[in-house]
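Visitor: no sequence on this one, just coordinates:
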């Protein structure tokens, strides 16, 4: 399925569930949890413009632009109301969507949830964009895997760590850099406007999207609950697919 040149995979049958990947991810971030979720839902997994198999957009890359891409997907698929999940930077995108369109979201899951970055985080995102433009994805992939996966993942699940690295290495450097800059320019939505039940799902050992961040969001989103995945870093669905799938399935059903 193509939506404004955005590639979207569709699997399963039932009510619509849209899964949005994060910075450096693709629709395949969600592949390990897909068999469970497809039992109950028609699952839509876009590659955001500039990531994975979706080409870079001609317009500027912003969180607002990604929200518009989701609206285009919903309109093309005739989706009025939806279950919605986002990982990492994707969690910020879906926060904005749920704040802007609270009547269209049935339930919301924020996996490895984040807020807009601090000033130092904005500088770091811009520096990363500059680095990958100059040196390619290999310049950052290993450092991201080390920082954002749990030690137990790297030691006992090397295939999972390799999968995270491959997702990063397959990114178009310019598309990745533009998404870094979108993160650097992002703002927080009005979380008080989110009306749907919301699941906050961090990994215990996440370097970003931490349990502490989930608790902060929990205080700002009225009908929200925190569930921590043990033995897990930031790449939740890849590092602990069984626990992540169980948490999402129980919440959305």
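Guide: Thanks, I have it. Just so it is clear, the model here is predicted, and its values are computed rather than measured.
Visitor: Helices of the stretch 51-200 of the chain, residue ranges please.
Guide: Under the criterion DSSP state H, counting those that start in this stretch, helices of the stretch 51-200 of the chain are mapped to 63-76, 89-100, 119-135, 138-148, 151-156, 158-169, 173-184.
Visitor: What average pLDDT does the third one get?
Guide: What helix 119-135 shows for mean pLDDT is 97.
Visitor: quick one: it to helix 158-169, angle?
Guide: For helix 119-135 against helix 158-169, the angle by axes from the mean of the first three to the mean of the last three C-alpha atoms, to 10 degrees is 80 degrees.
Visitor: pretty sure residue 115 contacts residue 88?
Guide: No: in this structure, residue 115 is not within contact of residue 88 by C-beta atoms under 8 Å, at 11.3 Å. (Each C-beta comes from the backbone N, C-alpha and C, glycine too.)
Visitor: So between these two, which is more surrounded?
Guide: Neighbours were tallied for residue 115 and for residue 88 using other C-beta atoms under 10 Å; the higher tally belongs to residue 88 (27 against 19).
Visitor: give me the number of residues near the nearest residue to the more buried one once chain neighbours are set aside?
Guide: Closest residue to residue 88 apart from its sequence neighbours, by C-beta to C-beta, 6 or more residues apart in numbering: residue 22 at 2.9 Å. Residue 22 is flanked by 27 other residues according to other C-beta under 10 Å.
Visitor: which stretch among the helices of the stretch 51-200 of the chain comes nearest residue 106?
Guide: Taking C-beta to C-beta, helix 89-100 is the member of the helices of the stretch 51-200 of the chain nearest to residue 106, at 10.3 Å.
Visitor: tell me the mean pLDDT for that closest one?
Guide: For helix 89-100, the per-residue pLDDT averages 98.
Visitor: how far out from the middle of the chain is that helix?
Guide: A distance of 10 Å separates the centroid of the chain from that of helix 89-100, by C-alpha atoms, centre = their mean, to the nearest Å.
Visitor: that older thread, how far away is the residue nearest to residue 88 from residue 183?
Guide: To residue 183, residue 22 is 9 Å away according to C-beta to C-beta, to the nearest Å.
Visitor: Pick out the residue nearest the middle of this protein.
Guide: residue 87 (2.3 Å; C-alpha atoms, centre = their mean).
Visitor: So that residue is in contact with residue 111, correct?
Guide: Yes: Residue 87 lies in contact with residue 111 (C-beta under 8 Å); the separation is 4.4 Å.
Visitor: Quick check: neighbours shared by these two?
Guide: Common contacts of residue 87 and residue 111 (C-beta atoms under 8 Å, 6 or more residues apart in numbering): 236, 237.
Visitor: still on that earlier bit, got a list of what the residue nearest to residue 88 touches?
Guide: Residue 22 is in contact with 29, 86, 87, 88, 89, 90, 91, 112, counting by C-beta under 8 Å, 6+ apart.
Visitor: shared neighbours of residue 22 and residue 183, anything?
Guide: Joint contacts of residue 22 and residue 183 (C-beta under 8 Å, 6+ apart) are residue 89.
Visitor: got any ranges where the stretch 101-250 of the chain has weak pLDDT?
Guide: Within the stretch 101-250 of the chain, no range satisfies pLDDT under 70.
Visitor: The same query, at a cut-off of 90, please.
Guide: Applying pLDDT under 90 to the stretch 101-250 of the chain flags the ranges 206-207.
Visitor: on that earlier part again, how near is the residue nearest to residue 88 to residue 209?
Guide: Residue 22 is 8 Å from residue 209, by C-beta to C-beta.
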